[in-house]
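Visitor: Build me a structure from this.
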Amino acid sequence: MKHFFLLVIFSLILLSCKEYDSQEKQPTVSIPTDTKGFELKGILENFYPQKVYLNKIIENSLYPIDSSKVTNNTFTFKGMVEFPERFALTFQDFSTVVLLIIENTNFEIFLNSNQLNEPLIKGSKLNDKLSEYKTKSKQLFKKIDYLFPQFQKARLENDAKELHEIRIKMKSIEKEFINFSFDYILQNKNSYIAPIILRDQLKSTTIDTLRIKRTYQNLSNEIKNSPDAQIIASFLALH
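Guide: Coordinates of the predicted model:
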């Protein structure tokens with residue numbers, strides 16, 4: 001039960017991404033000429049890979065598109081993206097995958113070996129928005145942490161009445177989280193964070209197609225051109 005709910009909230013984190021050999025022909029990020037692109041500077045602490053890879057995410061697979069040699073515990077990526085979207089950092093000789101949004105700005109990511117799943121990102125408004133969403137989501141799901149020991153106890157004691165009451169409470173928390181997610185999307189309908197989070201709703205165990213469609217229709221035309229919004233549009237066209 002707890003695992004189900006945590007899968008919903010952490011659908012942002014693609015732990016099952018498959019990595020492809022960077023020597024194969026892969027999608028690329030263009031290098032800016034006269035157009036401002038992005039510069040990502042990474043700072044490593046207690047973490048010592050020799051090389052870092054920037055990966056494009058397509059479905060559940062990672063495609064390396066650039067690499068950076070680590071020098072004095074730092075690495076740098078430069079390029080330009082047509083639209084902001086999530087990319088993944090991977091590290092030579094490590095299985096760690098770190099997700100972040102790449103947008104055309106100069107920003108930094110701080111990676112500590114003890115908190116690789118929660119890196120500190122500075123200088124990126126979209127990553128700030130995503131962090132805000134994830135923080136508020138975790139606050140909601142702390143209620144699950146409180147209920148889960150009670151759920152285990154009731155299950156061991158075969159207490160059907162208590163199990164039923166706990167399931168109702170958990171269902172209520174799930175509904176609260178879903179409502180929060182859609183409200184957050186609508187509050188940020190003119191931001192590229194909106195389709196990123198809305199796309200994650202497609203990964204839920206129970207997909208509310210009508211609500212996703214209504215929310216998608218509220219996005220601005222510019223935002224609808226983003227890769228995440230186009231994936232949502234393709235999904236809606238099939239349902």
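Visitor: And this protein, split by domain according to the record?
Guide: As recorded under automatic domain parsing, the domains making up the chain are 2-123, 127-237.
Visitor: any chance of these in CSV, with mean pLDDT too?
Guide: Putting these into CSV (pLDDT from 0 to 100) gives the following:
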stretch, mean pLDDT
domain 2-123, 82
domain 127-237, 95
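Visitor: Dump these into TSV; add mean neighbour count as well.
Guide: Where you see a C-beta, it was placed from the backbone N, CA and C, and this is true even at glycine. What follows is the domains of the chain, written out as TSV (neighbours: other CB atoms under 10 Å):
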stretch	mean neighbour count
domain 2-123	16
domain 127-237	16
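Visitor: Would you map the helices across the protein?
Guide: Counting by DSSP state H, one finds helices in the chain at the ranges 2-9, 125-156, 160-187, 193-200, 209-217, 221-224, 227-237.
Visitor: can I get the ones you listed in a markdown table with distance to Asp66?
Guide: Output for the helices of the chain, formatted as a markdown table (distance: least, CB to CB, whole Å):
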| stretch | distance to Asp66 |
| --- | --- |
| helix 2-9 | 30 |
| helix 125-156 | 18 |
| helix 160-187 | 30 |
| helix 193-200 | 21 |
| helix 209-217 | 31 |
| helix 221-224 | 26 |
| helix 227-237 | 18 |
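Visitor: To Ser67, which of those lies closest?
Guide: The closest of these to Ser67 is helix 125-156. By CB to CB, the value is 21.3 Å.
Visitor: from the middle of its chain, how far away would that closest one be?
Guide: When C-alpha coordinates are averaged (CA atoms, centre = their mean, to the nearest Å), helix 125-156 and its chain have centres 16 Å apart.
Visitor: Tell me what angle that helix forms with helix 160-187.
Guide: 170 degrees (axes from the mean of the first three to the mean of the last three CA atoms, to 10 degrees).
Visitor: Give me the angle between helix 125-156 and helix 193-200.
Guide: Put simply, helix 125-156 runs at 30 degrees to helix 193-200, going by the same axes, to 10 degrees.
Visitor: Packing partners of helix 125-156?
Guide: helix 2-9, strand 94-102, strand 120-122, helix 160-187, helix 193-200 (3 or more CB pairs under 8 Å, 6 or more residues apart in numbering; DSSP states H and E).
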